[in-house]
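*Asks:* Sequence and predicted structure below; questions after.
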Amino acid sequence: MRYTRIAGTGSYLPEHVVTNADIEKLVDTSNEWIIERTGIHSRHKVAPGERSSDMALIAAERAIEAAGIDRHSLQLILVATSTPDMILPNCACLVQERLGVAGMPAFDLVAACAGFIYGLSVADQFIRSGMYDNVLLIGTEALTSITDWTDRETCVLFGDGAGAVVLQASDQPGILSTHLHADGRYKDLLRASSPLPTQADPEDPPYVRMAGREVFKFAVGALGDVVDEALAHNDLDYSDIDWLVPHQANSRIISALAKKLDLPMERVIMTIAEQGNTSAASVPLALDIAVRDGRIQRGERLLLEAIGGGFCWGSALIVY
Ligand code: UT7
């Protein structure tokens with residue numbers, strides 16, 4: 001049987017750190033409120049001029065090195081992002097050019113915070129069908145560039161960064177399943193308006209806007225369901241999961257899910273305290289950190305999940 005296996009991971013965080021104390025100076029909030037309601041202590045922020053493709057490139061180079069492959073053997077580059085450098089060309093082409101590997105297809109996927117999970121599913125289809133053997137998938141976000149630093153309901157939440165994986169065909173189990181969902185009826189609960197010059201609305205600039213409480217409620221239900229769906233599909237039980245690698249939107253959402261899975265928090269990869277919500281980059285960042293510090297070992301079962309604007313959400317069940 002042909003599987004998609006994670007051959008290598010990599011990530012990158014910008015140098016500059018924004019603490020809760022820094023945000024206390026901008027809006028009416030407090031370190032205590034932010035920690036209690038979100039679990040976030042600090043987040044990283046791009047330097048002036050630093051963009052999604054810059055972060056993506058470094059994460060990609062680290063993943064390629066970890067995979068031990070020649071970059072010229074890549075056959076597809078996918079970038080999950082809602083904050084590309086430009087409207088066109090896509091971010092994947094910018095990364096491809098700087099990797100010096102012209103020729104193979106390169107495209108972006110926009111599914112907000114679920115972008116990396118969507119990307120895993122797309123890559124898995126290309127690999128399992130036999131079309132490609134080596135795919136580079138990156139999640140990268142410069143979310144602080146679309147953050148309204150006067151809006152206390154959102155500016156405390158977001159951070160920047162990138163994570164990448166090299167995915168390879170293998171006869172050993174890798175991705176066991178992916179399940180994707182979307183429901184556009186919720187489009188107004190989490191959004192950033194058009195950056196297009198002729199469509200820009202001065203009353204509604206393209207900053208992230210979120211109806212936090214409603215998103216929270218939907219996220220807990222949808223993630224619970226998608227996790228059950230993944231396990232049922234694979235005929236597995238909660239106890240069969242070694243690691244939960246969740247999207248890092250709110251520590252309370254993650255603990256609720258861990259509780260449902262009956263998984264102790266030591267088996268959940270948490271990065272939210274130091275990174276905030278990095279949207280499509282959060283799952284691959286968490287994955288890379290736990291692979292590199294030795295927590296996640298080959299052969300272990302990982303459950304990845306994410307939800308974001310759209311709503312778009314999904315899961316991936318993977319043997320690492
Ligand atoms: O990544 C995509 C998916 N995203 C998510 O899943 C995020 C989901 N939502 C959340 O994580 C949470 O809803 C938030 C962290 C955004 C907000 O937490 P909450 O516990 O749902 O707070 P809330 O919106 O219900 O607001 C509670 C109170 C309100 O005051 P009143 O009306 O009770 O007087 C807010 O005005 O907290 C107030 N508040 C703040 N206070 C201090 C809202 N933001 C802040 C703030 N600092 N930054």
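*Replies:* Perfect, thanks for sending it.

*Asks:* Leaving out sequence neighbours, find the closest residue to T38.
*Replies:* Excluding the flanking residues, the one nearest T38 by CB to CB, 6 or more residues apart in numbering is N250, at 5.3 Å. All C-beta atoms are positioned from the backbone trio N, CA, C, and that covers glycine.

*Asks:* Tell me, how many residues neighbour that neighbour?
*Replies:* When counting by other CB atoms under 10 Å, one arrives at 21 neighbours for N250.

*Asks:* From A219, how far out is it?
*Replies:* From N250 across to A219, the span is 8 Å (CB to CB, to the nearest Å).

*Asks:* sec struct for A232, please.
*Replies:* At A232 the chain is in helix, as set by DSSP: H, G, I helix; E, B strand; the rest coil.

*Asks:* In terms of pLDDT, where does the closest residue to the ligand within the stretch 151-300 of the chain sit?
*Replies:* For the stretch 151-300 of the chain, the residue closest to the ligand is G212, as judged by CB to the nearest ligand atom, at 2.8 Å. The model reports G212 with a pLDDT of 97.

*Asks:* ok, it touching E153?
*Replies:* Yes. G212 is in contact with E153 according to CB atoms under 8 Å; the separation is 5.9 Å.

*Asks:* What residues does the residue of the stretch 151-300 of the chain closest to the ligand make contact with?
*Replies:* Taking CB atoms under 8 Å, 6 or more residues apart in numbering as the criterion, G212 is in contact with 153-154.

*Asks:* separation between it and N277?
*Replies:* To N277, G212 is 11 Å away according to CB to CB.

*Asks:* mind listing what the closest residue to T83 other than its chain neighbours touches?
*Replies:* Excluding the flanking residues, the one nearest T83 by CB to CB, 6+ apart is A142, at 4.6 Å. By CB under 8 Å, 6+ apart, the contact list for A142 reads 46, 50-52, 55, 83, 160.

*Asks:* Likewise for A102?
*Replies:* Q96.
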